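> Sequence first, predicted model second:
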Amino acid sequence: MTQMNDLINDCETYPNCLLISFLQISSGKTLVFEMSSRKNDWEKFKLFARNCSNGFIRWVGFNNYYFDYPVIHEMLQKFKTGNPTGEQIAKAAHQKAQMLIQSQKDEKFTQIIWDNNQLVPQIDLFRIHHFDNVARSTSLKVLEFNMRSETVEDLPFDYRKVLSNDEMTILVNYNGHDLRETLKFYHRSKEMIEFREKLSAKYERNFLNHNDTKIGKDYFIMELEKAGVKCYNFDDGSRAPNQTKRPVIKIRDIIFPYVQFQRPEFNAVLAWLKRQEINQTKGVFTELDEDGLRDLAQYTNMKTTKGKIKNLNCIVDGFQYDFGTGGIHGSIDSTIIEEDDEWAIIDYDVTSLYPSIAIVNEVYPKHLTKKFCQVYAQLKADRISYKKGTPENAMLKLALNGVYGDSNNQYSCFYDPQYTMTITINGQLMLCMLAERFMAVEDLRIIQINTDGITVKVRRSKIDEVEAQCKEWMKITRLDLERADYARMFIRDVNNYVGQYVAKEGEKQKIKSKGAYEWESLYRPDHPEPASITWHKNHSAMVVPMAVQAHLIERKDIESFIRSHKDPFDFMLRVKAPKSARLMCGDQQIQNTSRYYVSTDGHQMVKIMAPLTRSKNPDRERPMKVHDGFKSTPMNKMGEVKNIDYSWYIEEAYKLVRPLYDGMLSEMCT
């Protein structure tokens, strides 16, 4: 269980004001220490910190590992003795804060105060949710929007501003709001924290601030070391990862011998790959020179951008297969597909594709030896022995899936780019082998192919033949396939679709939505699985995908659904302008991260972007309209929502539906 004496912590740094604040979770009481030109609570704070370090207490924050705690820690070291003024402390804290903000990624890493040096144990919700990954980066202001908070409050003053006494009072109130919002997210993260506490207790290692991927990697390392594999070198007190660096990777040497094709299109791709010798893994399949693909020209979409082919691809029976370092992708576009008495829609996914490829083919980072595969296989077997939902099962799943990505991480002990390319290239080619087998079945149609699976439409009379092809493929590759049946699929493209599974007896029919159609994985007060919420995604205008899904699955009228929808939060949108810009609604400047809705009686919202220094007009600001031609009403403090411009939301919904019907009609005419 999470500890009842956890304290939510947040600090604000200005040139003449430092606030270090706490909110006690068990009682809801707030404690604010202010070091400023008007007040000096430094001695009180030092005593408080000392008592916390001697007690069973943790400080919980949002980005406190990279910002708040390094600032606090340095102030405690710098002003351990003496009699500094509040303004002196505030100035030093502000300088430290600006250094942290302006630091490059590698420099920030060196500024972290690690667990064994912390005066008080820390929990960082930012790190637990992996928001320190660029692709998932999420601010507390964005979370306030996604959590449907009553107020969304941005920093009230420029961080360089010298504050007046009245402004300091406003800052104290703002800081209290941040504490309460962090507490709210702490409660939303309870299952993740408890999971990490159980792992930490069982394995006597601190997993508390690990994101899911890091938990898996660290556990894998623990098991490798138990098996006698040396993952790190320790010289002069520092730890350096063992790695295998490759000056060149010859693709022909890493393709498995059983990868073979009958179709000339796939053979042309295979031949092209075998000619490649690479010294880096990025861009292997993207922005390719047209001349280098001449042998593939008759099988490839040769559409160029600035003289480059977008990505390696081939077209087989009218279906385009796109290859990439993240996996293979392809889909029919803009259509609706339904099962019936004659036709079935079946999805085949490879079970644990990347780990399984490594295990059955004995592929491993060279420096980790074959024991890597033995440990991998044991972890896969161990996972099966634990029930789903247990900490052990969840952790072993993370261990199985987290290693592949790190094999291409130059800071990791798993680093061996040849291992990365062996897994990803063979994985894509093996799926093409499966697709080729499927295409041998009369009248079968490939619907989608993605990183680890293929979806097909097939006559029910031919399903046994498809299953036989699957068995032959599994025999050759030694991989396992899992089957799921769709009732209907509504596909805009490979990344944007809705799939309705065939309902199993006694179970509710399941829906899978992706991209622009997704909403069930976003936050709602009644969300059935809080731990599965994707907090880093944009939760704007959820009424739109909700209406679309109700229309597609339940045949409900889009306009009626939207006009009768009662939850005002589902109409809210989020806009974010950079610090260098201004956000205007009519002639009123509003905060740069704002919540709003499209209304009939609001004003045009405009981002006033900073000038481009290298442009012909380096002093001219650049206005960018938000929803050009529509009015908006800011709603950073939730109040009465009236005069919603339903026409905007209805049209956005039709933008998602229209391509599906247009594509289906076009296909019928063809």
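Sure, I can see it.
> hey, let's count contacts and neighbours off CA atoms from now on
Noted.
> what residues does the longest strand seen in the chain touch?
Counting by DSSP state E, the longest strand found in the chain is strand 481-493. For strand 481-493, the external contacting residues (CA atoms under 8 Å, 6 or more residues apart in numbering) are 331-339, 344-351, 470, 474, 497-502, 552, 656, 659-660.
> 7 Å - rerun?
With contact meaning CA atoms under 7 Å, 6 or more residues apart in numbering, strand 481-493 is reached by 331-339, 345-351, 497-502, 659-660.
> can you pull the buried residues of it?
481, 485, 486, 487, 488, 489, 490, 491, 492, 493 (16 or more other CA atoms under 10 Å).
> contacting residues for the closest residue to residue 152 other than its chain neighbours?
Residue nearest to residue 152 in three dimensions, not counting chain neighbours: residue 636, with 4.9 Å by CA to CA, 6 or more residues apart in numbering. The contact partners of residue 636, taken as CA under 7 Å, 6+ apart, are 151, 152, 153, 594, 595.
> distance of residue 636 from residue 61?
Remark: distance between residue 636 and residue 61 (CA to CA, to the nearest Å) = 23 Å.
> Pull up the gap between the residue nearest to the spatial centre of the chain and residue 624, please.
Closest to where the C-alpha atoms of the chain average out (CA atoms, centre = their mean) is residue 136, at 4.3 Å. From residue 136 across to residue 624, the span is 25 Å (CA to CA).
> again with residue 461
Distance from residue 461 to residue 624, by CA to CA: 56 Å.
> Could you do residue 477 as well?
Taking CA to CA, one finds residue 477 at 53 Å from residue 624.
> Which of the two has more residues huddled nearby?
residue 477 (19 against 13; other CA atoms under 10 Å).
> gap between the more buried one and residue 257?
Using CA to CA, residue 477 is found at 11 Å from residue 257.
> thought residue 518 was touching residue 545?
Yes - with contact defined as CA atoms under 7 Å, residue 518 reaches residue 545; the gap is 6.4 Å.
> How is residue 143 assigned, secondary-structure-wise?
Three-state call for residue 143 (DSSP: H, G, I helix; E, B strand; the rest coil): helix.
> May I have the beta-bridge partners of the residue nearest to residue 499 when sequence neighbours are not counted?
Spatial nearest neighbour of residue 499, excluding adjacent residues (CA to CA, 6+ apart): residue 489 at 4.4 Å. Assessed by DSSP bridges, residue 489 has beta-bridge partners residue 337, residue 499.
> Retrieve the pLDDT associated with residue 489.
Residue 489 carries a pLDDT value of 96.
> Equivalent analysis for the one 3 residues further on, please.
As predicted, residue 492 sits at a pLDDT of 95.
> State the distance from it to residue 455.
The gap separating residue 492 from residue 455 is 15 Å, by CA to CA.
> got it, and residue 597?
In this view, residue 597 and residue 455 are 38 Å apart by CA to CA.
> between the two, which one's more packed in?
Taking neighbours as other CA under 10 Å, residue 597 and residue 455 compare with residue 597 leading, 26 against 22.
> residues near residue 506, how many?
Using other CA under 10 Å, residue 506 is surrounded by 6 other residues.
> So it lies in a helix, does it not?
No - counting by three-state DSSP, residue 506 is not found in a helix; it is coil.
> ok, it - contacts?
Not one residue lies near residue 506 by CA under 7 Å, 6+ apart.
> Would you check how far apart residue 356 and residue 432 are?
17 Å.
> Among those two, which residue is more densely surrounded?
Shown here are residue 356 and residue 432; by other CA under 10 Å, residue 356 has more neighbours (23 against 20).
> Secondary structure class of the residue lying closest to that one once chain neighbours are set aside, three-state.
Of all residues not flanking residue 356 in the chain, residue 479 sits nearest, at 6.6 Å (CA to CA, 6+ apart). With three-state DSSP as the basis, the three-state label of residue 479 is coil.
> Count residues in the vicinity of residue 479, would you?
Residue 479 has 18 nearby residues by other CA under 10 Å.
> I'd like the distance between it and residue 396.
From residue 479 to residue 396 the distance is 19 Å (CA to CA).
> which of the residues in the helix or strand encompassing residue 355 are buried?
In this structure, residue 355 sits in helix 353-361 according to DSSP states H and E. Going by neighbour count (16+ other CA under 10 Å), the buried part of helix 353-361 is 353, 354, 355, 356, 357, 358, 359.
> Stretch 502-522 now?
Within stretch 502-522, the residues that count as buried by 16+ other CA under 10 Å are 502, 511, 513, 514, 517, 518, 519, 520, 521, 522.
> Make a ChimeraX selection of the buried ones in the contacts of strand 481-493.
Remark: buried members of the contacts of strand 481-493, expressed as a ChimeraX selection using 16+ other CA under 10 Å:
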select :331,332,333,334,335,336,337,339,345,346,347,348,349,350,497,498,499,500,501,502,659,660
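> Tell me which of the contacts of strand 481-493 fall in helices.
Taking DSSP state H, the ones among the contacts of strand 481-493 that sit in helices are 659, 660.
> Using the three-state scheme, assign the residue lying closest to residue 394 once chain neighbours are set aside.
Leaving aside its chain neighbours, residue 394 sits nearest to residue 388 (7.3 Å; criterion: CA to CA, 6+ apart). Put simply, residue 388 is coil when judged by three-state DSSP.
> Can you check the pLDDT for residue 1?
43.
> Verify the contact between residue 395 and residue 216 for me.
Yes - counting by CA under 7 Å, residue 395 does reach residue 216; the two are 6.1 Å apart.
> quick revisit: report the contact partners of the residue nearest to the centre of the chain.
Contacts of residue 136 by CA under 7 Å, 6+ apart are 130, 536.
> Okay, it and residue 53: tell me how far apart.
Taken as CA to CA, the span from residue 136 to residue 53 is 32 Å.
> Could you verify my assumption that residue 355 touches residue 400?
Yes - in this structure residue 355 lies within contact range of residue 400 using CA under 7 Å: 6.2 Å.
> Can you tell me what sits against stretch 429-449?
With contact meaning CA under 7 Å, 6+ apart, stretch 429-449 is reached by 259, 261, 328-332, 454-458, 465-466, 469, 473.
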